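**Q** for reference, the sequence and a predicted model appear below.
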Amino acid sequence: MSENKSRREFLSQSGKMVTAAALFGATSQVAYAATPGVANCEVKGTMTLDDTHYYLDNVRLETGFDYENGSAAHTRTELQTVEIENGKIVALRDNKSHPDATLPSYDAGGKLMLPAMRDMHIHLDKTFYGGPWRSLNRPAGTTIQDMIKLEQKMLPQLQPYTQERAEKLIDLIQSKGSTVARSHCNIEPVSGLKNLENLQAVLARRQAGFDCEIVAFPQHGLLLSKSEPLMRDAMQAGAHYVGGLDPTNVDGAMEKSLDTMFRIALDYNKGVDIHLHETSPAGVAAVNYMVETVEKTPELKGKLTISHAFALATLNEQQVDTLATRMAAQQITIASTVPIGTLHMPLQQLREKGVFVMTGTDSVIDHWSPFGLGDMLEKANLYAQLYIHPNEQNLSRSLAIATGDVLPLNDKGERVWPKAQDDASFVLVDASCSAEAVARISPRTATFHKGKMVWGSVNV
Ligand SMILES: [Zn+2]
């Protein structure tokens, strides 16, 4: 085939993709619609895949490690066909084997299948993302109290756009492979329950492709802004977690603030997810107080997440060990955004002691931060750069922080994902293995949630 013809067909195919993308209102998909450098005129892509029972061929799955001197040096993979039915992976088959020839089949094009990513700390209800670019001048020395005052002015201006921007933010994180999330949502006297209502409306529309828990977040101080009654209303209205915020720096009454937060959780039988930024000894005291509270209150076991927990960066190794052991016993979770800079979080040590560590986006272009790509693979990459010796095995393990600890291979190199009856929630990545995906933050080409393709394209 001549180069001209190939280029014409490529363009014509791209044109179809543009039309399809326009229909779905998702122009960002175009970039992935045709793989650059693959001038194969036979291959046609689809951006819709609504079948309930189908085969996905040419899926690259990890099968094991090759070892050198006792350490994994290379990851082995093979191409297989994955059979998907009613949202579940029902069988892994030899590549291109279709026992039922009447079923539709699609072609993953040799892309690597990884577990769906989980963005476990995001603020879908307040962002500039989806609107005009805007960066905020936060002079050095801006305190959280200054930010609260700023928010009180700014939130009413953002509120008309909450639904539209939350949808765009969900599009963004789906395009990075995330289909599970936990979103904080402002609950304070300025917003009332409006952000919660807006977010719930969006999540109801997106339910088929996106699972998201909501944390009612008293951003202006649970006690300081007298938000307890609103928080209780939010629980009644269906929020999943009671949030909290710096009980000493913001509320000025550590024990009373934390007791109030836990009381609401117990009254409505909900979990707790607190923003704890404090690095002073007050932050350590707050962590200790929360761990003690859970130790004394069996109903709270497994129900506390501490977001950020920067105070842990101020402890020595021995202190982290002792605290992490107690946290693991109470199934307390840490949600870290993997901060860069001077705060060296003991994330690896926490994991080694059995504390569940997850990560999230937090801000995506908002008045708190102009950064944020909504990409959990980027977080795994940051984790690897900051905290591990980057050999094949450790790079591959680093993916865990992005996937809720679901990994294709266990530490011994045995395949543990996917298995029959797992949810068909996964992302296709242009990489040869997990280690490469983490090291290179490889491009994603399609995201699936419970069998439904929610972003990207596959070949037909
Ligand atoms: Zn946050």
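**A** Now that the structure is in, tell me what you want to look at.
**Q** make it CA atoms for all contacts and neighbour counts henceforth
**A** OK.
**Q** got a list of what Leu395 touches?
**A** 384, 388, 434-436, 438-439 (C-alpha atoms under 8 Å, 6 or more residues apart in numbering).
**Q** at 6 Å what do you get?
**A** Ala435 (C-alpha atoms under 6 Å, 6 or more residues apart in numbering).
**Q** wait, is it part of a helix?
**A** Yes - under DSSP: H, G, I helix; E, B strand; the rest coil, Leu395 falls within a helix.
**Q** measure it to Val272 for me?
**A** Plainly put, Leu395 is 31 Å away from Val272 if you go by C-alpha to C-alpha, to the nearest Å.
**Q** same check on Gly131?
**A** 31 Å.
**Q** more crowded one of the two?
**A** Taking neighbours as other C-alpha atoms under 10 Å, Gly131 and Val272 compare with Val272 leading, 23 against 12.
**Q** shouldn't the more buried one be in contact with Gly244?
**A** No - contact criterion C-alpha atoms under 6 Å: Val272 and Gly244 do not qualify, at 7.9 Å.
**Q** now for the protein, the helix or strand with the poorest mean pLDDT.
**A** Scoring the helices and strands of the chain by mean pLDDT, DSSP states H and E places helix 30-33 at the bottom, with a mean of 38.
**Q** Met254: how many residues sit nearby?
**A** So Met254, with other C-alpha under 10 Å, has 18 neighbours.
**Q** pretty sure it is touching Pro247, no?
**A** Yes - proximity of Met254 to Pro247 meets the contact threshold set by C-alpha under 6 Å, at 4.5 Å.
**Q** mind listing what the nearest residue to Gly451 once chain neighbours are set aside touches?
**A** Excluding the flanking residues, the one nearest Gly451 by C-alpha to C-alpha, 6 or more residues apart in numbering is Gly87, at 4.1 Å. Residues near Gly87 by C-alpha under 6 Å, 6+ apart: 424, 450-451.
**Q** rerun that using 8 Å as the cut-off
**A** So Gly87 contacts 52, 423-424, 449-452 (C-alpha under 8 Å, 6+ apart).
**Q** what touches both of Val272 and Gly244?
**A** Met261.
**Q** ok, the strand or helix carrying Ala181: who's next to it in the sheet?
**A** Assigned by DSSP states H and E, Ala181 belongs to strand 178-186. According to DSSP bridges, strand 178-186 forms sheet pairs with strand 117-122 (parallel), strand 211-217 (parallel).
**Q** quick one: average pLDDT of the helix or strand following the first one?
**A** The first helix or strand that comes after strand 117-122 along the chain, using DSSP H and E, is helix 144-158. Model confidence over helix 144-158, given as mean pLDDT, is 93.
**Q** any idea how far helix 144-158 is from the middle of the chain?
**A** 26 Å (C-alpha atoms, centre = their mean, to the nearest Å).
**Q** quick one: the helix or strand that that helix is followed by to helix 144-158, angle?
**A** Counting by DSSP H and E, the next helix or strand C-terminal to helix 144-158 is helix 162-175. Counting by axes from the mean of the first three to the mean of the last three C-alpha atoms, to 10 degrees, helix 162-175 lies at 110 degrees to helix 144-158.
**Q** would you mark the buried spots in helix 162-175?
**A** 162-163, 165-175 (16 or more other C-alpha atoms under 10 Å).
**Q** and if you look at stretch 435-449?
**A** Quick answer for stretch 435-449 (16+ other C-alpha under 10 Å): 435-439, 441-449.
**Q** one more: stretch 90-105?
**A** Buried residues in stretch 90-105 (16+ other C-alpha under 10 Å): 90-93, 95-96, 98, 105.
**Q** and the residues you listed, which of them are in strands?
**A** Under the assignment DSSP state E, these contribute 90-93, 105 to strands.
**Q** nearest to Leu409 among the residues you listed?
**A** Leu92 (15.4 Å; C-alpha to C-alpha).
**Q** residues in contact with that closest one?
**A** Shown in contact with Leu92 (C-alpha under 8 Å, 6+ apart): 80-83, 419-420.
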